[in-house]
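> 3D model of this:
(chains A and B)
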Number of protein chains: 2
Amino acid sequence: MNVLISEVGPRDGLQSIAPIMSTDAKKAWIAEMAAAGITEIEVGSFVPPKLLPQLADTAEIVRYATTLPGLTVAALVPNARGAADALAAGAHKITLPLSCSEAHSLANLRKTHAQVLDDARRIAEMIRALPEGRRPHFEGSLSTAFGCTLEGDVPQAKVVALAESLMAAGCDEVGLADTTGYADPASVRAMIAALWGAVGREALTGIHLHNTRGLGLANVLAAYDAGLTTFDSSLGGLGGCPFAPGASGNIVTEDLVFMFEAMGVRTGIDLDRLFAVREHVAAALGDEPLYGFAPLAGLPLGFVPATPKATTREGAFA
Amino acid sequence: MNVLISEVGPRDGLQSIAPIMSTDAKKAWIAEMAAAGITEIEVGSFVPPKLLPQLADTAEIVRYATTLPGLTVAALVPNARGAADALAAGAHKITLPLSCSEAHSLANLRKTHAQVLDDARRIAEMIRALPEGRRPHFEGSLSTAFGCTLEGDVPQAKVVALAESLMAAGCDEVGLADTTGYADPASVRAMIAALWGAVGREALTGIHLHNTRGLGLANVLAAYDAGLTTFDSSLGGLGGCPFAPGASGNIVTEDLVFMFEAMGVRTGIDLDRLFAVREHVAAALGDEPLYGFAPLAGLPLGFVPATPKATTREGAFA
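Model prediction:
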């Protein structure tokens, strides 16, 4: 594989919609995605069930997903308490979001930057206390890194300083997140260069981009050209706070995979199987709108993907 | 200006939809676009009115548009007959499409490559017969350059050979057109390099991309990074054969301009005024769906465009 597509639909997608998907349907979705070649899925978030009843079964989902061969099971944790649950469930990767806009951090997590960094230190300690083979990868996610709907501009220097603080607190890596859809190809490139200069290339390999203003894939291209290799996206563009009909929030996994495969960049993912998962999830979600262009238009005539067709495996959906 | 946005909505958009927009509404649209800072508009196509009644008033529209200060008035011509009409109306730029897939050329224009090239030679002669100050810019458009829905792959060598033939026939320039939405950032870059090697940089400055599979703006970024400076797009993504609801054909002018302005690349266009034109055209078109993300999400808080705000001019819409 040349790039890693990290599917966030079961977490970011489901937490954004009202209907609660059954635990069995979630398991089927995750298994089918893994069978299509997705090797990393953020399967849930360890938040209090009262806040997000859609994700109340996250521990069970994590335990199930870790039984799927070759799959990196990621989970979001809002704080040290959530991290403890994620470690107990056996998540391979945990992500702690830190909103670079402190106004946004206070509004969303009700925490200052100092409080989130304190959580990061406690989580790093908990991880170090585990036996070596059971320590998950710990990522600090720099959300609202490209601007904030409350504060507007977020200075690059602040993002860089917070990245350094997260690494000092014990994160294995930081991730860039354009929570608000404010990024553009130039700001993506500039931010990557600034962060690499501060924390090193190994400490930043991935980015979470939104398609709020239509620039999602252009921003991906800019990040890929710059050298990032991990890209978050969501099946059908589910989640990421869509603004209006037709405007998806998250980048659509199907279009993202199509772009890379068309470019000759291997994702390891079978597009036909991915399109089939989309149909299954659409059926499971009922009236919830899905986004994306490639699945509607279909693949070009004579299309040759970069990833060779794998031996057909049985799908996990009934 | 750092880039030229060439609006094709009044031609490519209107020819793709059933309702016939009144001549007055077209004039208002074009005038309002020009007032927003658009400096080139393809205002119509000189095809027989029986084939495209939507564009039957093209000669009148061209004559009107040439009265707007600072606007380059472009028109499509399917053949030498149409070119004669375009010259008589006073178009500043005429574009003759040549489909790189001969199967597509036969199906759409009922002409072989040799016949289209013969048309190109006749048009070039007609232009040379005009007094020097009245000669329009003559572009040969390489349509289906990135693949064809009938033939599939279109070899790069064929596109290059046709570009050389068009230039030899007397075109001032060739344009790249991804008629089918088959292009990807890698094929865009490779095609530009191949064409520049054959016909020179001055002979290829623009590209007409579609968003059929969601890669429109990523392909624009690839072409811009490679060095192209003229980009076709359509207000609201009108036209370009959309496949399904949510899937636009043409690139959306609003999103394209937003991307460049956010990147610090000057388009000369006022985004707020452009969004206002969208509302007026939406009202004029009734139920016809418009596409685009930036107009729905709105500009980021504190957004600073690359193009400074111009002195307010009165809009042409009532």
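> ok, now which ones touch A:Ile123?
A:77, A:80, A:83, A:94, A:96, A:138, A:170 (C-beta atoms under 8 Å, 6 or more residues apart in numbering or on different chains). Backbone N, C-alpha and C define where each C-beta goes, glycine included.
> can you redo the residues you listed as TSV with pLDDT?
Output for the contacts of A:Ile123, formatted as TSV (pLDDT from 0 to 100):
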residue	pLDDT
A:Val77	97
A:Ala80	97
A:Ala83	98
A:Ile94	98
A:Leu96	98
A:Phe138	98
A:Gly170	98
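> of the residues you listed, select the buried ones using a PyMOL command.
Buried residues among the contacts of A:Ile123 (16 or more other C-beta atoms under 10 Å in any protein chain shown), as a PyMOL selection:
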select buried, chain A and resi 77+80+83+94+96+138+170
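> now, the contacts of A:Ile123 that are in strands?
Among the contacts of A:Ile123, the members found in strands (DSSP state E) are A:94, A:96, A:138.
> let me have the residues you listed in JSON lines, extended by distance to B:Pro305.
Shown next, in JSON lines, are the ones in strands among the contacts of A:Ile123 (distance: C-beta to C-beta, whole Å):
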{"residue": "A:Ile94", "distance to B:Pro305": "39"}
{"residue": "A:Leu96", "distance to B:Pro305": "35"}
{"residue": "A:Phe138", "distance to B:Pro305": "39"}
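> return the member of the residues you listed nearest to chain B.
For the ones in strands among the contacts of A:Ile123, the residue nearest chain B by C-beta to the nearest C-beta is A:Leu96; the value is 25.4 Å.
> correct me, but the closest one touches A:Gly140?
Yes: between A:Leu96 and A:Gly140 a contact is recorded at 5.5 Å, counting by C-beta atoms under 8 Å.
> need the residues touching each of the two.
With C-beta under 8 Å, 6+ apart, A:Leu96 and A:Gly140 have common neighbours A:120, A:171.
> residues touching A:Phe275, list them.
A:Phe275 neighbours (C-beta under 8 Å, 6+ apart): A:254, A:295.
> low-confidence ranges in chain A?
Applying pLDDT under 70 to chain A picks out residues A:241-248, A:310-318.
> in it, which spans are strands?
Listed in chain order, the strands of chain A (DSSP E) span A:4-7, A:40-45, A:72-76, A:93-99, A:137-143, A:173-177, A:204-208, A:230-233.
> given the fifth one, what are its sheet partners and their directions?
The one in question is strand A:137-143. strand A:93-99 (parallel), strand A:173-177 (parallel) (DSSP bridges).
> do the same with the last one
In the sheet containing strand A:230-233, its partner strands are strand A:4-7 (parallel), strand A:204-208 (parallel), by DSSP bridges.
> got the residues of the stretch 1-150 of chain A near chain B?
Contact residues, the stretch 1-150 of chain A versus chain B (C-beta under 8 Å from any C-beta of the partner chain): A:147-150.
> the spatially closest residue to A:Ile41 that is not a sequence neighbour: how many residues sit nearby?
Residue nearest to A:Ile41 in three dimensions, not counting chain neighbours: A:Glu7, with 4.6 Å by C-beta to C-beta, 6 or more residues apart in numbering or on different chains. A:Glu7: 29 surrounding residues under other C-beta atoms under 10 Å in any protein chain shown.
> same check on A:Val220?
What A:Val220 shows, counting by other C-beta under 10 Å, is a neighbour count of 28.
> residues in contact with it?
A:Val220 makes contacts with A:207, A:209, A:231, A:251, A:256, A:259, B:218, as judged by C-beta under 8 Å, 6+ apart.
> restricted to helices, list the residues you listed.
Members of those lying in helices (criterion: DSSP state H): A:256, A:259, B:218.
> let's have those residues in JSON lines, adding neighbour count.
Shown next, in JSON lines, are these (neighbours: other C-beta atoms under 10 Å in any protein chain shown):
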{"residue": "A:Leu256", "neighbour count": "30"}
{"residue": "A:Met259", "neighbour count": "26"}
{"residue": "B:Ala218", "neighbour count": "29"}
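> what sits against the closest residue to A:Pro10 other than its chain neighbours?
Residue nearest to A:Pro10 in three dimensions, not counting chain neighbours: A:Val43, with 4.9 Å by C-beta to C-beta, 6+ apart. Listed by C-beta under 8 Å, 6+ apart, the contact set of A:Val43 reads A:10-11, A:26, A:30, A:58, A:61-62, A:65, A:73-75.
> ok, the residue nearest to A:Phe146 when sequence neighbours are not counted - contacts?
Nearest residue to A:Phe146 in three dimensions, chain neighbours excluded: A:Ala183, at 3.9 Å (C-beta to C-beta, 6+ apart). Neighbouring residues of A:Ala183 by C-beta under 8 Å, 6+ apart: A:145-147, A:191, A:209-210, A:215, A:219.
> quick revisit: who wins for neighbours among the residues of the stretch 1-150 of chain A next to chain B?
Most surrounded of these: other C-beta under 10 Å gives A:Cys148, at 25 neighbours.
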